[in-house]
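Participant: give me a model of this one.
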Amino acid sequence: MAAPADTPPEKNQRPCVVAVVLTWNDTEMTAACVRSLLASHYPLRAVVVVDNGSEPPCAPVLEEQFPGLETVQLSDNTGFTGGANRGIERALQLGADYAFFLNNDTIVHADAIPHLVEAMEQHPDAGFATALLLYPGPERRVQFYTGTIDRHTAQHRHPDDGQPAGSQHCDTVETAFAPACAILLRAETVRQAGLFDESLFTNWEDYDLCLRYADAGWNLLTVGAAEVIHAHGQTTGRISPFITYFFTRNRLICLFRYGRLPRILLKAPTILRTFYWQVRHHGFSNWPAHRAMFKGLFHFLLGIRGKGGAPRDRRDAPRA
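Facilitator: Okay, the predicted model is just below:
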């Protein structure tokens, strides 16, 4: 006999999870990410792919490959922040208790989502949980497990980067910082503390989100039993002039947004050293990267936000 229509849901009913994948000018990596989500051991309400202004559009190709796929086709590239926000907003419209936001260059282990949801249900004070991020390859090297933040220099450190994944990385732990490439967001937290800051466009949006959620009273978790492979920097390059511009400008925005001026002045030598290291990392004769860096500094001082005057070159600038 069918239950009456007004019967309340069972207490052990699983929370509703909607996965959100952001892509730009790529179908191959995005399709691999979607396939890993469809193979998950957790029943997803939907998989939403946000096509962030690709030319030609990616959504029709992906819809043909994956019948029933939910897509959001944006006419223009609205940056990481705008594209991510449109996808998370769609997840909430679909009734998600949790939105699982992913870069398209990720592969999700079949047991990752069940572990993430379980951790969030056991920690109602957690705003989001991230997975254990691994580099591609058979070596199982850790890309991210935990991170610390220094507000007064706008730096985040990942002490486990490059280590072999071992038993010490299996626990669920609190973290001050987590990259926004594979995070399970609590809908309640999003409604209270907001989405990504679209004035940043791209880069440092995860740093800003972590501090904003922490300041709103939410804890952040890394769930070591949940594994995600992340091919870092595959979409826009790691030191392209485009990324260098936003890395510089948005770091300064976050520095003065969350740091205290007396402490910033006290740590000025450390901050200047980090910019010097950035120049060395680019290569001293890598003028496209250096021009983008100084342009980011200048635009920060002018108060230019959003996409601003970012260089068009998104390719990796060669280190000299």
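Participant: quick one: the strands in the chain, in order.
Facilitator: Ranges of strands in the chain, per DSSP state E, are 17-23, 46-52, 70-74, 98-103, 106-108, 126-134, 142-144, 148-150, 155-157, 172-174, 182-186, 219-230.
Participant: out of those strands, which gets nearest to residue 261?
Facilitator: strand 148-150 (15.0 Å; C-beta to C-beta). Quick note: C-beta positions are derived from backbone N, CA and C, even for glycine.
Participant: in the closest one, which residues are buried?
Facilitator: Residues of strand 148-150 classed as buried by neighbour count (16 or more other C-beta atoms under 10 Å): 149-150.
Participant: mind putting the strands of the chain in CSV, distance to residue 163 and mean pLDDT included?
Facilitator: Formatted as CSV, the strands of the chain follow (distance: least, C-beta to C-beta, whole Å; pLDDT from 0 to 100):
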stretch, distance to residue 163, mean pLDDT
strand 17-23, 28, 98
strand 46-52, 31, 98
strand 70-74, 37, 97
strand 98-103, 22, 98
strand 106-108, 20, 98
strand 126-134, 11, 98
strand 142-144, 5, 97
strand 148-150, 16, 98
strand 155-157, 14, 97
strand 172-174, 15, 98
strand 182-186, 18, 98
strand 219-230, 12, 98
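Participant: so which of the ones you listed gets nearest residue 88?
Facilitator: strand 98-103 (4.9 Å).
Participant: please name the strands paired to that closest one in the sheet, noting orientation.
Facilitator: strand 17-23 (parallel), strand 182-186 (antiparallel) (DSSP bridges).
Participant: could I get those as a markdown table with distance to residue 143 and mean neighbour count?
Facilitator: Shown next, in a markdown table, are these (distance: least, C-beta to C-beta, whole Å; neighbours: other C-beta atoms under 10 Å):
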| stretch | distance to residue 143 | mean neighbour count |
| --- | --- | --- |
| strand 17-23 | 18 | 26 |
| strand 182-186 | 10 | 25 |
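Participant: please tabulate those in CSV, including the columns distance to residue 283.
Facilitator: Formatted as CSV, the strands paired with strand 98-103 follow (distance: least, C-beta to C-beta, whole Å):
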stretch, distance to residue 283
strand 17-23, 30
strand 182-186, 31
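Participant: can you check which of those gets nearest to residue 242?
Facilitator: So among these, strand 17-23 is nearest, using C-beta to C-beta, at 16.4 Å.
Participant: for the longest helix anywhere in the chain, which positions count as buried?
Facilitator: For the chain, the helix that runs over the most residues, judged by DSSP state H, is helix 241-258. Under the neighbour-count criterion of 16+ other C-beta under 10 Å, helix 241-258 has 241-255, 257-258 buried.
Participant: ok now that helix, how far from the chain's centre?
Facilitator: Distance of helix 241-258 from its chain centroid, counting by C-alpha atoms, centre = their mean, to the nearest Å, is 16 Å.
Participant: ditto for stretch 256-272
Facilitator: 25 Å.
Participant: quick check: mean pLDDT of that stretch?
Facilitator: Summarised as a single mean, pLDDT over stretch 256-272 is 97.
Participant: how about stretch 24-38?
Facilitator: 97.
Participant: and residue 85, how many residues sit next to it?
Facilitator: Residues contacting residue 85 under the criterion other C-beta atoms under 10 Å number 23.
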